[in-house]
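[1] Kindly return the folded structure for what I paste below:
(one chain, ligands or ions: 1)
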Amino acid sequence: MNSRWIPTMCYQCKAECAILARVEDGVLKEVRGNPRARGKACVKGMAGVSLEYSPDRLTHPLKRVGHRGEGKFEPCSWDEALHAITAKLRELRDRGEAHKLTASFFPHSITDPKWRFLNAYGGFINTALPHCDSAKIVACIKAMGGVPNHHIPPNFASVPKGGVIILAGRHAMGCLDDAAVPRDILDAKARGAILVVIDPVFTADAAKADWWIPVRPSGDTALFTGMTHHIVMNGLHNKAFVENWIREGDFEKLKDYLADKTPEAMSAICDVPTRDIVKLAEMCASAPSVGVDSFKGIMLGQALDFGHAWTNFLAVTGNIDNPGGQPLPDLTPLSPVLPAPAGPSLAEKGWHRTGPDKGKFGKYSFIMEPTWYEAQAIKNGDLKVLVTAECNPALTEMGQEEWRKAVTMTDEKGQYQLEMLVSYEIMLSETSRYADYVLPDKSYFERWELLYMPWWYNFGHGVALRQPVVEAPGECRHSNEVFIELGKRLCPEYFAFKDDLEYYDIQLAGLGLSVGKLQDMGGLWSPGTTGFRKYEHGGFGTPSKKMHLYWEDLEDADQALPRVFLAPEYDADADAFPFFLISYRTIFHQGSGQWTHNNPQLRDPVGGFLDNPVLINAATARRLGIEDGAVVTLRSRTGSLKARAKCTERIRPDCLGLHHGFGSTVGRVAVLGGGVSDNALIPDSGMTLDWQDLVGGESHVSTRVTVEG
Ligand code: SF4
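    Coordinates of the predicted model:
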């Protein structure tokens, strides 16, 4: 028997932890964390074996034969599929509409071949991650001049005794993090760190916390601003950092702005008692370090304002790039693959901005547009070809019906308004049912990939190799291979290398490495240290080389400093819809992809998470006469659904909680499990387009609902 452990990278979720895969006679048997890279794998990661051998795996290209959405396909050859896609893209470019190609995918590297293709061809990326943290990334760039770590976590392994760890809407011990993070948080706690969890739901993190603060949804911007007021107005700020590292004049502007943002005033917004805001502020001001790990705003789309309040708070407490604070990553010096395509001028092309506020907000970009814009852009005629890879917008998106309607819209001649939809997946999904061509992707156990971003928690700012550990079934091809093939056909000047491996070899040359050498090294390269206070050598990446607390480019949108009010979605319709709908997470599922929802180990009534009951505070349930386990109806302004009630003390009385991502209708395991999609309740775009734009397009889970027994 030939059995060995092979280092590679997990992709059951986007954390992409370093793992070891045990392969026995060519068959994947087992997965565990790679001890060389901080060594953890979560339950989803270990269930990757079931994913690999799922009977639902796609193994041949498919061509649509019915209407979009019917899911009727017949097998076709790769030649036929690639010929059709190439012809459509050639036609689009000849019409001067190359920018009307968007690909929705998660770019595993900022040098990913898919991204290169888009830049070379003239289309652009849309990450399909509207509920992710792109607005906070923007906040980091604006304030500190650098791209932050993935999900912007502090380096928990460096938190000193007495350091404060704040998890604000983070669910680090649920599904939203690298598998090593919970261990590092608990290790830090064991060293004497203080864990504070700010969340409307009592999460697994809250169960481990020293202090749970059940903030009102959307109130986190006000909470952090109230703390910043108390710290600054009482002279508790880090004077050396403020004097040396904040741009001249910004601290004074911040002080003026803070004048009326007292803890009392902020308490009225965030529903955290004034004394608790003051207590937490003083705890943070006197701690040796404070690290704030947060996601978007708490469960809603006020993310850019929150990101701004978060950077202000970290700046005045001096917690930038210190042990336990907010790291500033470096970029690994990979070699460019020349000639490097510049990409289209998106500011000129319009960013797919839509709606009544397009003129006002068109100049702003959040780098990665949320998938929601796809639907609007199709309706406007701004998007003509859509390629999805590893994402499921037909189920993931708020107002998911809008996406489905948009991709099936026809013009006066009966032609689809979206001229081509291509889906890469390892299994059929709700999205692929709408595709013209469905292309069978390789799983993460079958493909080469160079993972390089400035944000991998597990291995610092290095490079990691994903390598095939087993053979792919049937005719599967990895999307990177296919994009390179399309590049050779459509823009060969940028695709002069032989294949994906040669592409990665060129990039690795900057480190004196190659794919083969990296493989020999166990698939991981790291500088060995992240370093602290890197800004002391050359300053921040901002034009002034200091931190920018005041964002003048957002003056005309009244966002030069963070707005502290609740999201309009949460203020509107409060009488008719008295509850805040919020999303919670568990360790078993990630997003709405089939990978976890169609996995028998993760979708199981005993060991996994079969359906998503609606969490209702027990007192609220008593008041409404709702019993635990009863089927209730949730209604919003735009939709309704039925779900099983889970009566619990673990959620605020004014909130209802649904695990995001359920509602699958495709996949033999997924359809057996219960569960509903929260998106059925969430209005398309949140509530208002103008609000949607500058908060970062993340008004994903901001809606008011009512519940009836
Ligand atoms: S957190 Fe779990 S599922 Fe996600 S990459 Fe890490 S091991 Fe895999």
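
[2] what does stretch 199-208 rub up against?
    Applying C-beta atoms under 8 Å, 6 or more residues apart in numbering, the contact partners of stretch 199-208 are 167-174, 185-186, 189, 195, 197, 212-217, 298-299, 580, 582, 584-585, 587, 615, 649-652, 655, 657. All C-beta spots, glycine's among them, are computed from the backbone N, C-alpha and C.

[3] can you do 7 Å?
    Contact partners of stretch 199-208, identified using C-beta atoms under 7 Å, 6 or more residues apart in numbering, comprise 167, 169-174, 186, 195, 197, 212, 214-215, 217, 298-299, 582, 584, 615, 650-652, 655, 657.

[4] List the buried residues of that stretch.
    By 16 or more other C-beta atoms under 10 Å, the buried positions in stretch 199-208 come out as D199, P200, V201, F202, T203, A204, D205, A206, K208.

[5] Show the buried residues in the contacts of stretch 199-208.
    Buried by 16+ other C-beta under 10 Å: 167, 169-174, 195, 197, 212, 214-215, 217, 298-299, 582, 584, 615, 650-652, 655, 657, out of the contacts of stretch 199-208.

[6] now, which of these lie within strands?
    Among the buried ones among the contacts of stretch 199-208, DSSP state E puts L167, L195, V197, W212, I582, Y584, L615, C655, G657 in strands.

[7] what about V705, which SS state?
    What DSSP: H, G, I helix; E, B strand; the rest coil gives for V705 is strand.

[8] Number of residues surrounding it?
    When neighbours are counted by other C-beta atoms under 10 Å, V705 registers 27.

[9] Report the closest residue of the stretch 501-650 of the chain relative to the ligand.
    The ligand sits closest to Q590 of the stretch 501-650 of the chain, with a gap of 6.7 Å, by C-beta to the nearest ligand atom.

[10] Could you report the neighbour count for that residue?
    Q590 sits with 23 neighbouring residues when counted by other C-beta under 10 Å.

[11] ok, now which ones touch it?
    Q12, C13, K44, C175, T596.

[12] what's the distance between it and D505?
    For Q590, the distance to D505 equals 31 Å [C-beta to C-beta, to the nearest Å].

[13] How about the contacts made by D56?
    For D56, the contact set (C-beta under 7 Å, 6+ apart) comprises M427, L428, N598, G667, R668.

[14] Bridged to the closest residue in space to it that isn't next to it in sequence, which residues?
    The shortest distance from D56 to any non-neighbouring residue, by C-beta to C-beta, 6 or more residues apart in numbering, is to M427 (4.5 Å). Beta-bridge partners of M427, counted by DSSP bridges, are R57.

[15] ok, M427 to the ligand distance?
    Using C-beta to the nearest ligand atom, to the nearest Å, M427 is found at 17 Å from the ligand.

[16] residues from the stretch 1-150 of the chain in reach of the ligand?
    Residues of the stretch 1-150 of the chain that fall close to the ligand, judged by C-beta under 6 Å from any ligand atom: C10, Q12, C13, A15, E16, C17, A41, C42, K44, G45.

[17] swap the cut-off to 5 Å and go again
    Residues of the stretch 1-150 of the chain lying close to the ligand (C-beta under 5 Å from any ligand atom) are C10, Q12, C13, A15, C17, A41, C42, K44, G45.

[18] And the third one, how far from A472?
    Same thing as C13. Separation of C13 from A472 (C-beta to C-beta): 21 Å.

[19] Equivalent analysis for the fourth one, please.
    For A15, the distance to A472 (C-beta to C-beta) stands at 23 Å.

[20] which one of these two has more residues nearby?
    Between A15 and A472, counted using other C-beta under 10 Å, A15 has the larger neighbour count: 25 against 20.

[21] Who's the closest spatial neighbour of the more buried one, skipping the chain neighbours?
    Here the residue nearest A15, using C-beta to C-beta, 6+ apart, is D178, at 4.0 Å.

[22] I'd guessed that neighbour sits against C13; true?
    No. D178 lies out of contact with C13 (C-beta atoms under 7 Å); the separation is 8.9 Å.

[23] Which one's more surrounded, the two?
    More crowded of D178 and C13, by other C-beta under 10 Å: D178, with 26 against 22.

[24] in the chain, which helix or strand is least confident?
    None of the helices or strands of the chain scores lower by mean pLDDT, DSSP states H and E than helix 689-694, at a mean of 52.

[25] quick one: pLDDT of R489?
    The confidence metric pLDDT takes the value 98 at R489.

[26] and it, how many neighbours?
    Counted with other C-beta under 10 Å, the neighbours of R489 add up to 16.

[27] Which helix runs longest in the chain?
    helix 78-94 (DSSP state H).

[28] Any idea how far that one is from the middle of the chain?
    Its chain's C-alpha centre and that of helix 78-94 lie 31 Å apart, by C-alpha atoms, centre = their mean, to the nearest Å.
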